[in-house]
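Q: Sharing a sequence plus its predicted fold:
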Amino acid sequence: MVSNDQRRRQLAREKFLRQQQRRESARRKARMRNTVIASVLAVVVVGGAGAFAAGAFDGKDTKDSAGAKPSASPSASKAADPCEKPAAGTAKSLSWKKEPALTIDKSAGYTMNLATTCGDIGVGLKTKQAPHTVNSFAFLAGKGFFDHTKCHRLTTNGIYVLQCGDPKGTGAGGPGYTIPDENLKDKSLKGNVYPAGTVAMANTGQKHTGGSQFFLVYQDSQLPPSYTPFGTISDSGMKVIKKIAAAGESTGQGDGAPNATVVINKATVTKS
């Protein structure tokens, strides 16, 4: 027969086990909740920018870059496509394990021309200030890396950029190697503003993670000085980009794929 004392101990033991089970259940739920939250944050950081990550510039969400989230914009109503059909051909799938050897003449001037479906965009390159970046672009352009690639992202609220340079067209592509940050104290960058006409490298949000993706600023944009400024857009090139921007982006939220068909038919880098 079980004594009263034994019965009390048994009940106490059962109560303790139930408490332990409830606590363990609560811990599991908390772990699951934290995992979900972490996953959501990862999606926001990596994918929200069109990934400003994985080789993309990490200002996709203007809450990160300019202090406020984008609100709905008039770009929700899709404008007529102002651009032509792309030239025949497809983007190449190319990758290298390391940055190419520095072969450009750092004392010379270089220009880049992006022959796009919307018109030519000329860029004067800052060879002396950003030699690794200019050298990489000369190398990639020479390999046809940018040919037939889409400019996959347009922002029209808070920051005003057209982002290009991803052969996948998703914001996650790159050349397989990274290049160092350069020229982050360029005299054109004042008050954490990238002025209209700037061409700068995209990155993952970490130092020295630039690849092939870059963005063209068509209106002064508030951004931290974390993105290598390596070129200046020509006046005629600015007209082309503003035409693209006027057609809006696909989400109506100020950050999405351009409504215009923006494809780089051919990219060339030439020594002046």
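A: Cool, got the structure. Numbers count the residues shown, from 1 in each chain.

Q: quick one: the strands in this protein?
A: Here the chain has its strands, by DSSP state E, at 110-116, 119-125, 149-150, 153-155, 161-164, 193-194, 198-201, 214-217, 221-222, 229-233, 255-256, 263-271.

Q: Neighbours of G173, how many?
A: Counted by other CB atoms under 10 Å, the residues lying close to G173 total 23. For the C-beta atoms, the positions are set from N, CA and C on the backbone; glycine is no exception.

Q: And it, its phi and psi?
A: Here is the backbone geometry of G173 (degrees, to the nearest 10): phi -90, psi 160.

Q: Would you quantify the distance from it to N135?
A: G173 sits 20 Å away from N135, taking CB to CB, to the nearest Å as the criterion.

Q: Now stretch 238-252: buried residues?
A: Using 16 or more other CB atoms under 10 Å as the test for burial, stretch 238-252 gives M238, V240, I241, I244, A245, A247, G248, E249, T251, G252.

Q: where does the stretch 51-200 of the chain have low pLDDT?
A: Flagging of the stretch 51-200 of the chain using pLDDT under 70 yields the residue ranges 51-79.

Q: which residues of it fall in helices?
A: Ranges of helices within the stretch 51-200 of the chain are 62-65, 131-142, based on DSSP state H, counting those that start in this stretch.

Q: need those helices in a markdown table with mean neighbour count and distance to M201, can you?
A: A markdown table is the format used below for the helices of the stretch 51-200 of the chain (neighbours: other CB atoms under 10 Å; distance: least, CB to CB, whole Å):
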| stretch | mean neighbour count | distance to M201 |
| --- | --- | --- |
| helix 62-65 | 19 | 15 |
| helix 131-142 | 22 | 6 |
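
Q: Which of these sits closest to K98?
A: Checking the helices of the stretch 51-200 of the chain against K98 by CB to CB gives helix 131-142 as the closest, at 11.1 Å.

Q: Let's see the distance spanning stretch 214-226 from one end to the other.
A: Stretch 214-226 has an end-to-end distance of 13 Å (criterion: CA to CA, to the nearest Å).

Q: If you could redo that for stretch 84-99, that was the one I meant.
A: In stretch 84-99, first residue to last residue: 34 Å (CA to CA).

Q: same check, this time on stretch 170-185
A: End-to-end distance for stretch 170-185, by CA to CA: 30 Å.

Q: So which bits of that stretch are buried?
A: So for stretch 170-185, counting by 16+ other CB under 10 Å, buried means G171, A172, G173, G174, P175, T178, I179, D181, E182, N183, L184.

Q: same thing with stretch 261-272?
A: Residues T261, V262, V263, I264, N265, K266, A267, V269 are the ones in stretch 261-272 that count as buried (16+ other CB under 10 Å).
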